[in-house]
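*Asks:* predicted model, plus sequence, below.
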Amino acid sequence: MAYRTINPTTNKLVKTYPNHTDADVEAALDAAHKLYKSEWSKGPIQPRLKVLERLADLIDARKEELARIATVEMGKLISDARDEVWIIAEIARYYARNAEKFLAPTRIDSQLGDAWVEHHPIGVLLAVEPWNFPYYQLMRVFAPALAAGNPVVAKHASIVPHCATVFEELVNEAGAPKGAWTNLFITSDQVANIIADERVQGAAMTGSEGAGSAIAAQAGKYLKKSTLEMGGNDVFVVLDDADIDKAVDIGVFSRLHISGQECICAKRFVLHESIAETFLSRFTTAMAAVKIGDPLDETTRLGPLSSADAVKGLSGQVARAIEHGATLHLGGNAIEGEGNFFEPTILTNISRSNPAYFEEFFGPVAQVYVVKNDDEIVELANDSRYGLAGAVFSQNIERAKALASRIATGAIWINTFASTAPELPFGGVKRSGYGRELSELGIKEFVNQKLVLVAKS
Ligand SMILES: NC(=O)C1=CN([C@@H]2O[C@H](COP(=O)(O)OP(=O)(O)OC[C@H]3O[C@@H](n4cnc5c(N)ncnc54)[C@H](OP(=O)(O)O)[C@@H]3O)[C@@H](O)[C@H]2O)C=CC1
Ligand SMILES: CCCCCC(=O)O
């Protein structure tokens, strides 16, 4: 796989990056493993946390530059790119200020004696990450790993090599020692070999089911712990007592965020029958009105998809959905001309026999379903191979909370869109993956939670 920057707004090649060789991989693993065996990883946490604080400051200082690099490389709106740069600094600071507390020994009341759980690093980790949040996906792994003392070798998506390169530069400038984070432009086969390597103790992956399955299978074969965050087909539930205008505004924002290339954005709009017509009418008007164009233009609301292949794939998905009986309520086409643009699209009348019913549309394509009651909402929401997140809109909070507990996902957001924050666990169930990133849960995914017990004398 070639590592290239191709600007999605123009489809023009900006730069090609050379792949790393097997010798480069060996050097990276050697440096990472030596670091793991050193006082840096096993000793006091504070020197590691100081690196995270410095990293956050460096990120803040280069915010505009970093944001522009992401927009040019994968097409997200410049405002969204600034948000991403902001949150990766927040993640670094969050673990800098909380990791020592999270990793402190946890005492256990036991009749057998004085007992506690210690938290120790386990060794070199592999991160395999996607392009849609090209910095966030890296920091989500790096910050807790560094705090815990686990060195990381990372394979980023092949369409965001500039983001990968500048992230590693920032980490090194912040004072992280050689081996703490090593970016590798490598192939899938080299990834498999890294997972098999005795020095590697875990793998964190975000991306597609196909990649996740391949990585998890290899990790399983070599008995390495893994975490996976993959696709989602999140419901956006609008109940009969919801604030319709608020739900429309947030629904459009969520479906079109990152041009719809976000696993936790709204995908399946599940409307109570009593408000369905009103919501759909206002939603359609709002989707049709968004300004499509250059993501560097501050007034643009929908930028390009990440690649020409992404447009081709989405076009095929929409066409198949219609062939199998879906109604094309809005849009449905790639936009002719320069760049990877796709119209805001709404599909209705999607039967369970339509392949679209079970598919994630990774683009500005909303599926709309109409239901009669809360039980039908739960049945529809859970009739999915995914279980990442979802949103419920109602002015009856107790009703919304009851629905949230019944919907089988890793998260439910009530009266707002699904998002992320350093203190909130992120992850899903079923084919959306397993394990959690961020929060106290995230930093404990790749530590040895070791029991120590002193017997009663
Ligand atoms: N959960 C999330 O945040 C995201 C989920 N996705 C899901 O993935 C789908 C496709 O997006 P896409 O970017 O193609 O995702 P991929 O899963 O193809 O890419 C994610 C990462 O995995 C790598 N990869 C792919 N196949 C393998 C393999 N067999 N072994 C090791 N590494 C591999 C990719 O490398 P390379 O780039 O070189 O192929 C990339 O670094 C989307 O439709 C969406 O469902 C995508 C982005 C984010
Ligand atoms: C808001 C951050 C989300 C990152 C992972 C995803 O695409 O869902």
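*Replies:* Perfect, thanks for sending it. Numbers count the residues shown, from 1 in each chain. Ligands and ions are numbered 1, 2, ... in the order given.

*Asks:* from now on I want contacts and neighbour counts done on CA atoms only, so please keep to that.
*Replies:* OK.

*Asks:* does residue 418 sit in a helix, a strand or a coil?
*Replies:* coil (DSSP: H, G, I helix; E, B strand; the rest coil).

*Asks:* contacting residues for it?
*Replies:* By C-alpha atoms under 8 Å, 6 or more residues apart in numbering, the contact list for residue 418 reads 254, 264-266, 389-391, 412.

*Asks:* among the residues you listed, which are in strands?
*Replies:* With strands defined by DSSP state E, the entries of the contacts of residue 418 inside them are 390-391.

*Asks:* can you redo the contacts of residue 418 as a markdown table with pLDDT and neighbour count?
*Replies:* Formatted as a markdown table, the contacts of residue 418 follow (pLDDT from 0 to 100; neighbours: other C-alpha atoms under 10 Å):
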| residue | pLDDT | neighbour count |
| --- | --- | --- |
| 254 | 98 | 23 |
| 264 | 98 | 29 |
| 265 | 97 | 30 |
| 266 | 98 | 31 |
| 389 | 98 | 30 |
| 390 | 98 | 30 |
| 391 | 98 | 26 |
| 412 | 98 | 26 |
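
*Asks:* quick one: which of the contacts of residue 418 is nearest ligand 2?
*Replies:* Out of those, the one with the shortest distance to ligand 2 is residue 264. That distance is 4.1 Å, counting by C-alpha to the nearest ligand atom.

*Asks:* ok, that closest one touching residue 390?
*Replies:* Yes - between residue 264 and residue 390 there is a contact under C-alpha atoms under 8 Å: 7.2 Å.

*Asks:* now for those two: what residues contact both?
*Replies:* Among the neighbours of residue 264, those also in contact with residue 390 (C-alpha under 8 Å, 6+ apart) are 234, 418.

*Asks:* for residue 433, state which of the contacts of residue 418 is nearest.
*Replies:* Ranked by distance to residue 433 (C-alpha to C-alpha), those are led by residue 389 at 11.7 Å.

*Asks:* residues contacting the closest one?
*Replies:* Residue 389 is in contact with 232, 234-235, 264, 409-413, 418, 428, counting by C-alpha under 8 Å, 6+ apart.

*Asks:* need those in JSON lines with distance to residue 32, can you?
*Replies:* JSON lines is the format used below for those (distance: C-alpha to C-alpha, whole Å):
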{"residue": "232", "distance to residue 32": "33"}
{"residue": "234", "distance to residue 32": "37"}
{"residue": "235", "distance to residue 32": "41"}
{"residue": "264", "distance to residue 32": "33"}
{"residue": "409", "distance to residue 32": "35"}
{"residue": "410", "distance to residue 32": "32"}
{"residue": "411", "distance to residue 32": "34"}
{"residue": "412", "distance to residue 32": "37"}
{"residue": "413", "distance to residue 32": "38"}
{"residue": "418", "distance to residue 32": "35"}
{"residue": "428", "distance to residue 32": "29"}
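
*Asks:* which of those residues sit farthest apart?
*Replies:* In those, two members sit farther apart than any others by C-alpha to C-alpha. They are 232 and 413, at 14.5 Å.

*Asks:* and the two? which has more neighbours close in?
*Replies:* Shown here are residue 232 and residue 413; by other C-alpha atoms under 10 Å, residue 232 has more neighbours (31 against 17).

*Asks:* what's the separation between the more buried one and ligand 2?
*Replies:* In this view, residue 232 and ligand 2 are 8 Å apart by C-alpha to the nearest ligand atom, to the nearest Å.

*Asks:* before we move on, what about residue 380?
*Replies:* For residue 380 relative to ligand 2 (C-alpha to the nearest ligand atom), the value is 21 Å.

*Asks:* same deal with residue 75?
*Replies:* With distances taken as C-alpha to the nearest ligand atom, residue 75 is found 14 Å from ligand 2.

*Asks:* all numbers from here: first residue = 708
*Replies:* In the new numbering, first residue 708, that becomes residue 782.

*Asks:* give the contact list for that residue.
*Replies:* Contacts here follow C-alpha under 8 Å, 6+ apart; on that basis residue 782 touches 714-716, 1002, 1010-1013.

*Asks:* a markdown table for those, including secondary structure?
*Replies:* Rendered in a markdown table, the data for these read as follows (three-state DSSP):
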| residue | secondary structure |
| --- | --- |
| 714 | strand |
| 715 | coil |
| 716 | coil |
| 1002 | coil |
| 1010 | coil |
| 1011 | coil |
| 1012 | coil |
| 1013 | coil |
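
*Asks:* out of those residues, who's nearest residue 903?
*Replies:* Closest to residue 903 out of these is residue 1013 (31.1 Å), distances taken as C-alpha to C-alpha.

*Asks:* mind pulling up the pLDDT for the closest one?
*Replies:* The per-residue pLDDT reported for residue 1013 equals 98.

*Asks:* how about the contacts of residue 782 in JSON lines, adding distance to residue 977?
*Replies:* Listed next are the contacts of residue 782 as JSON lines, based on distance: C-alpha to C-alpha, whole Å:
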{"residue": "714", "distance to residue 977": "35"}
{"residue": "715", "distance to residue 977": "32"}
{"residue": "716", "distance to residue 977": "32"}
{"residue": "1002", "distance to residue 977": "29"}
{"residue": "1010", "distance to residue 977": "26"}
{"residue": "1011", "distance to residue 977": "26"}
{"residue": "1012", "distance to residue 977": "25"}
{"residue": "1013", "distance to residue 977": "27"}
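
*Asks:* all good on my end, thank you.
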